[in-house]
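Q: The sequence isn't on hand, but the structure is:
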Ligand code: AP5
């Protein structure tokens, strides 16, 4: 099954994609994580992407489409994938349909997580991540045991450069302008499920599992 997790920054795409990946036994593919890994490794892709990401803007379509094509088409995952943060423009949506079409596949299910802007900003600006093991914390919701230090590996936590309030606000503007049109794009294809992302993490997952397309249910 090919699942797309769609929603604004802070809606819980990464959190839910991780949970769904283990529930459904599918690989979790996050363009944000792939780009941050490229930046950390100082690759040419990372050098290209960093200024866009630091400003809270989208990395150009051709770059991200190439990145996903490499992972999705060349790796040919037999059981599918959970795509977190891709597509993020209608052009990327068409490119995904084309590349899946070449494999005789299609997007089977799109989960659209929605939440109010105040909640999104609170989640984004309170998030701290471990640069070593990628564990994520939240100042209010899930703080680390020792403030500023990772529970799992003891590394000092960092705030993502694009999680500062001014950049976070710009990311939301970019989302409404360039990504939100994908909601209708997928609604027209009959594959969209809208989920209330303001609920607890567990309640969101329960709603998703209840909405799983019938031909992909385990029971
Ligand atoms: P990316 O890393 O994908 O960032 P994003 O879409 O802005 O999403 P976030 O990671 O901020 O939030 P999320 O929805 O994953 O929520 P999370 O689960 O982390 O992309 C970063 C950048 O890369 C982009 O700005 C762009 O530059 C570039 N990029 C990536 N993909 C691209 C593409 N396709 N095209 C072009 N450019 C691209 O949760 C957030 C916080 O809330 C966490 O602290 C979490 O613990 C907490 N939380 C989650 N769920 C809940 C809940 N239900 N209740 C309470 N707290 C919760």
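A: Right, received. Where do you want to start? These numbers come from a predicted model, not from an experiment. Residues are numbered from 1 along each chain as shown.
Q: just the strands in the protein please.
A: Listed in chain order, the strands of the chain (DSSP state E) span residues 2-6, 28-30, 81-84, 109-114, 127-129, 136-138, 192-196.
Q: can you list those in CSV and add mean pLDDT, mean neighbour count and distance to residue 67?
A: Using the backbone N, CA and C atoms, a C-beta is placed for each residue, glycine as well. Shown next, in CSV, are these (pLDDT from 0 to 100; neighbours: other C-beta atoms under 10 Å; distance: least, C-beta to C-beta, whole Å):
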stretch, mean pLDDT, mean neighbour count, distance to residue 67
strand 2-6, 97, 25, 16
strand 28-30, 93, 20, 10
strand 81-84, 95, 24, 12
strand 109-114, 98, 22, 20
strand 127-129, 94, 20, 21
strand 136-138, 90, 17, 22
strand 192-196, 98, 17, 24
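Q: Those strands: which one's closest to residue 53?
A: With C-beta to C-beta as the criterion, residue 53 lies closest to strand 28-30 of these, at 13.0 Å.
Q: Remind me what the closest one packs against, helices and strands.
A: If contacts are counted by 3 or more C-beta pairs under 8 Å, 6 or more residues apart in numbering; DSSP states H and E, strand 28-30 sits against helix 13-24, helix 61-72, strand 81-84.
Q: Columns distance to residue 166 on top of the ones you listed, output as JSON lines?
A: Formatted as JSON lines, the helices and strands packed on strand 28-30 follow (distance: least, C-beta to C-beta, whole Å):
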{"stretch": "helix 13-24", "distance to residue 166": "22"}
{"stretch": "helix 61-72", "distance to residue 166": "24"}
{"stretch": "strand 81-84", "distance to residue 166": "24"}
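Q: tell me, how many neighbours does the residue of the chain found nearest the ligand end up with?
A: Here the chain gets closest to the ligand at one residue, residue 32, 2.0 Å apart by C-beta to the nearest ligand atom. Using other C-beta atoms under 10 Å, residue 32 has 19 neighbouring residues.
Q: Make sure it is actually in contact with residue 84.
A: Yes. Taking C-beta atoms under 8 Å as the definition, residue 32 is a contact partner of residue 84 at 7.4 Å.
Q: Mean neighbour count, the helices and strands packed on strand 28-30: which tops it?
A: Mean neighbour count (mean count of other C-beta atoms under 10 Å) peaks for strand 81-84 among the helices and strands packed on strand 28-30, with a mean of 24.
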